[in-house]
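Asker: coords below, sequence missing:
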Ligand SMILES: Cc1ncc(C[n+]2csc(CCOP(=O)(O)OP(=O)(O)O)c2C)c(N)n1
Ligand SMILES: Cc1ncc(C[n+]2csc(CCOP(=O)(O)OP(=O)(O)O)c2C)c(N)n1
Ligand SMILES: [Mg+2]
Ligand SMILES: [Mg+2]
């Protein structure tokens, strides 16, 4: 993939050098890797290792991210959350997505990207409001420039394009990083989002976390394309593929894509090859569709271990550093535990407060009805049979 | 484009020869052409000229197709049809789509593909029922293996995949040729249809008639991809581009694609480069968005003239033949005129007869209401202000 | 189109059914699963597909075991695209199959809305019946399960408003089995709404007997027919799907207070059984319509409108509604304030002007 | 979010408007076009996009001249994808713009249904008002224009049933202008239904004066407010959008026969103006609700239900409906049998039990 892509693409029958255009947009033959599973640096023609301090800081966030996943899983088991879609094993994608963008940029996460949102700096308890079940979203998207975590698949990619297009019209220096899963690439909205982004030439980086499963459905039932990154050329944007368990490669590849977007080079598509190590959510039973052996194969490719080895190798990390990072991770876990072990106070009137800026007379009547019921009696816990 | 494509595509990180796979799926650098606008044969590495008699027969249909377009336009001007989306200039695509498939195959046309449907052998007057306005479709799709002409863009492509998948499950020898426009490629359903076709490896040939406009919107606002055929690789199917005004090239390229599908080689995508010479429909005013000059540039590329010159050159066509074909075309025009100059008899009860196999009690009541009204009085022609 | 009934009778070796032989507690989910299996056994043109319906057996396990038993040609996973699923179903039905598709949750059927409204609902009419679409769209439906956003919508009103769709919502385990089989055998497209919160409800049933009874007849006794789920004299509760058990509980509670409420289980939203509903209301003179969906412009509105149009002079009080509020479906911690409850139904019954008017 | 009203007042140089200065015949289409232009002039965050809205000016020419006047950043064509248009509008609104999007015809808004129902309608609620979505979804609406299939649907019930959407349907040229401007200034998403068959209807109006009146006030006088379009005493006709002129014609015809019908133009389907409708029905004691959409589970059902709930003791007869039949919208040659007609309305009024009951 050549890094700088012009604004205007030659068209159809008259394109003078289709071979060149193709070379620019097709992904590299194998996913970009900079640090291999054993923790060794594997040099690459196009992509450089990020600077050491940045890498160390990202590693710290990786460790905290893993701890968030583990703690959240535990809280679900304890009944403190309604559901948790774990990103265990995908933390490198989560962290990279959050750190490659700047304050003025936007992140568009899915339900699985809790770690990315927390890494971006949003209050963890506000983030978990959704999955705890007290409201549909707990943080202020505008304050953090982090959209609500999207459940309807691929729909958020279009919102990302809209935010970017508005930014472009307003002359803002804003890049939008939009996340989705491999399964979501099959949805019509994925197609429309990539096409809109390319046609309007807006600063969006689409990052597919290809974790090989959409609930129970493996990638091979989702697509027979050479790779998901090969979809990019069909929209006229560059596609790239990267080892999704290699934090260094992710930072580098996404960094280039974000830079291109920021400089007016338009959107691009990055496919990160990773793996969903755990169940889809706590409600899922993966034994029905994959064997523990399949999962085990990915353990050696874990994003944490390889980065830890590499950082120790190059002396950016020592025992002290590890202890400090572990303590920070424990602190985060404690925050989650403390916050979620307190029952949230919910106000039934909130049902009516935000549907419209001003309550309609219909909603006023309905709120009155509920208020009347509640004033007559404590609502029974078990109102439906 | 290499013609035989294996059933299973190597996947993601492990694909051994991505360059080979890419070469198989990317379209040729320029649209395939076999007869140039001046009527000269332009030899091609991969595609051969169809046999002479087939070409002559297709030319005959081309001339009749042009006559259908002209006559239908006239009938709209005379108020005998509600609307007509003309395919003037695109007749080579229309004819090729209809003749490359066999009796047991299926055709999925759009609103613009009236000529293709008639060429396929469906009664012209039944075809024009829709556009005349007496019912939403006039022919039996099952009898002719021609789907209803689709208006909601790209939706029919999924139906085509379904028909093909059922055929495959039933072990039928059936290929499905599905048509859409360049604009329709932007719809989510286009994406889902191509992906489903590829994943289920079904015998569908998708033919995009890229006539450079979607009503007023030019191709450049629709996509910035190198070509629409470049979308194919993102689904893991071969893409090809062809001169859409070159009947010979269309027959050859589509013939190969149909053959591949028939032999279990799976779906493919063909983009035909053509041009919408007339207004989108009679209701349109193209002067608002393109200049007559743009249109004029395409006159020399007309599909009829080049084929006529070529056929005369190679002595497949002479004055006699031309006269005979012209007479046939006039006959078709007369059929259209005669049929459409008679007012259709419509039965108001039909409103209720086909919503369900058996009328619900609700529909029986509503039918009674209308019957009562009609028995009390002739319905006034002007029932709404 | 081939005669389904005939096919059903031809190909149904009852002994091939690995299934309960005597009455035992059966869940709603199991009844649906059995109905699918029996339908696939009886008619080889029945195919089941959707997201995660293969190896996983569906997120609610309704398709559990179907792929293992019938193979991947008959029950299979699709790429993740609902319009794709629905559009493919249209094509497969055009080519002689009887597709049963699963939309994973109500709100995830919305991407298929154009396919449903513009094609599934209209194709038979458009072709004057030449192309029938015997498609069943199964939708795990409504709330009450503590699901997060987008997992608890009630979408029946969208479909019921769309001419050409038959819309069914069973409320009992027996109906779950029989109505799904009817739907699959039906010549027209059916939106089949499965109340999620009832998936784990149980009835003592003999599934084998149910199957035999169903297969011995060619009728569709539930489509277009409501049932009196509980007889009563003072007022009528009209409900369907997830609201039926709530209505039954309310009637039981009212009985303790000496008020006799009749409960109508609508079952078939389209076609709607005016006769059964009106007979009840003409008898009782009072009615409350109960549904989980927001009330505005809903099926509940329709039922109220129909009752007052047809039973006006029998009514002692306005027909009232207990429905979801006109707000987005709430988060788990708030949903019990939203859902029609026994108390809210009883309050509403109390307001039906039982005293003489001043 | 910024205060729109302020912005509107700040940036509106009335003299910059190339527009009629005195009263003259103005079409509904022209009024909408002027409203868009004035709104874009008044507030630079208003952007207009959709299919063919640029150079062509929209297939109905409602956006005629906007690109020429405001540039392609402010009014532009998108690729052909309705979910794309709607989803992009959501994002642009999140980032401070006020998108006005055009769906080319009712039925071509269905591909955007998931975006509308799951995001446009829910985002403000989901974020407790932190993210407002001041989006206007313009939909050329309903039939009566001899359009072929898919070009004449009436889709208001789908939207009205969806909590979080404000649904407006103007019926007069004056309302076309004022209500579109209100919708654009409104903080919440609005589905703005433009009756196709009224596009070429005319009223004598001074658009400049309308603009000044609108811009001088910050109120939204039409949203949530019905109007009495014609006063009467014997029965109430409740209508909106394309059915209002039909209702007016019916009232005029009834007057000749000595019957005085009041006509309510609902205008704002959500929020619904119970007060105006109920005041009328309490006065007349009889009501007919008129709408083009199929009646089942529709806005008309809702209006009937509300009237009988609230005005039960004032009613001398059941509330009746004249709506489209529960069939797919017919082809041009059949549509006049389907559409509510003056005769059908008058027949229905006649059935409102004017004689003493036996
Ligand atoms: C439109 C839509 N359809 C179905 C679902 C139900 N669903 C939730 S997650 C999921 C799988 C998504 O897979 P993928 O995109 O690969 O993301 P992952 O869960 O692996 O992160 C499905 C089918 C949904 N949320 N939205
Ligand atoms: C879903 C949908 N959106 C919008 C339309 C309105 N419409 C009809 S034809 C057309 C342009 C289609 O362009 P293209 O696909 O290039 O086909 P062409 O008309 O050029 O043959 C549009 C926008 C439609 N029919 N369906
Ligand atoms: Mg995945
Ligand atoms: Mg076109």
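Answerer: That came in fine, so what should we check first? Note that the structure is predicted; figures quoted are calculated from it, not measured. Numbering: from 1, shown residues only, chains lettered A, B, ... in the order given. Ligands and ions are numbered 1, 2, ... in the order given.
Asker: could you find the closest non-adjacent residue to the closest residue to chain B within the stretch 101-250 of chain A?
Answerer: As assessed by C-beta to the nearest C-beta, chain B sits closest to residue A:188 within the stretch 101-250 of chain A, at 1.8 Å. Where C-beta positions appear, they are placed from N, C-alpha and C, glycine not excepted. Spatially, and ignoring its direct neighbours in sequence, residue A:188 is nearest to residue B:188 (1.8 Å; C-beta to C-beta, 6 or more residues apart in numbering or on different chains).
Asker: for that neighbour, the count of nearby residues, please.
Answerer: When neighbours are defined as other C-beta atoms under 10 Å in any protein chain shown, residue B:188 has 30 of them.
Asker: show me what contacts it?
Answerer: Applying C-beta atoms under 8 Å, 6 or more residues apart in numbering or on different chains, we find residue B:188 in contact with A:187-189, A:191-192, B:154, C:83, C:111, D:81, D:83-84, D:111.
Asker: any chance of these in CSV, with secondary structure and distance to residue B:37 too?
Answerer: Putting the contacts of residue B:188 into CSV (DSSP: H, G, I helix; E, B strand; the rest coil; distance: C-beta to C-beta, whole Å) gives the following:
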residue, secondary structure, distance to residue B:37
A:187, coil, 42
A:188, helix, 37
A:189, helix, 41
A:191, helix, 34
A:192, helix, 36
B:154, coil, 30
C:83, helix, 40
C:111, helix, 43
D:81, coil, 33
D:83, helix, 39
D:84, helix, 36
D:111, helix, 38
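Asker: where's residue 89, which helix or strand?
Answerer: You didn't say which chain, so I picked chain A. Following DSSP states H and E, there is no helix or strand that holds residue A:89.
Asker: wait, chain C was what I had in mind.
Answerer: Judged by DSSP H and E, residue C:89 forms part of helix C:82-94.
Asker: tell me what whichever helix or strand comes after that helix is packed against?
Answerer: Where DSSP H and E defines the elements, the next helix or strand beyond helix C:82-94 is strand C:98-102. Applying 3 or more C-beta pairs under 8 Å, 6 or more residues apart in numbering or on different chains; DSSP states H and E, one finds that strand C:98-102 contacts strand C:46-50, helix C:82-94, strand C:136-141.
Asker: need the winner for burial among the ones you listed.
Answerer: Greatest average neighbour count among these goes to helix C:82-94 (a mean of 30), per mean count of other C-beta atoms under 10 Å in any protein chain shown.
Asker: just give the nearest non-adjacent residue to residue A:282, would you?
Answerer: residue A:76 (4.6 Å).
Asker: the helix holding residue C:89 and ligand 2, are they touching?
Answerer: No - remark: helix C:82-94 sits outside contact range of ligand 2, by C-beta under 6 Å from any ligand atom, the gap being at least 11.1 Å.
Asker: in the sheet, who's paired with the residue nearest to residue C:89 when sequence neighbours are not counted?
Answerer: Among residues not flanking residue C:89 along the chain, residue C:99 sits closest, at 4.0 Å (C-beta to C-beta, 6+ apart). Taking DSSP bridges as the rule, residue C:99 bridges to residue C:47.
Asker: show me the contacts for residue 130.
Answerer: Assuming you mean chain A. A:136-138, A:148-149, C:148-149, C:331.
Asker: that's the wrong chain, I wanted chain C
Answerer: Per C-beta under 8 Å, 6+ apart, neighbours of residue C:130: B:140-143.
Asker: can we see that at 7 Å?
Answerer: B:140-142 (C-beta atoms under 7 Å, 6 or more residues apart in numbering or on different chains).
Asker: distance of residue A:252 from residue A:265?
Answerer: 16 Å (C-beta to C-beta, to the nearest Å).
Asker: what does residue C:104 give?
Answerer: Distance from residue C:104 to residue A:265, counting by C-beta to C-beta: 37 Å.
Asker: could you do residue A:85 as well?
Answerer: Relative to residue A:265, and taking C-beta to C-beta, residue A:85 is found at 33 Å.
Asker: of these two, which one has the most company?
Answerer: residue A:85 (24 against 20).
Asker: residue A:240 sits in which helix or strand?
Answerer: Going by DSSP H and E, residue A:240 is part of strand A:239-243.
Asker: just checking, what packs against that strand?
Answerer: Secondary structure elements in contact with strand A:239-243, counted by 3 or more C-beta pairs under 7 Å, 6 or more residues apart in numbering or on different chains; DSSP states H and E, are helix A:247-262, strand A:268-273.
Asker: mind listing what's buried along the longest one?
Answerer: Neighbour counts using 16 or more other C-beta atoms under 10 Å in any protein chain shown place A:247-258, A:260-262 of helix A:247-262 among the buried residues.
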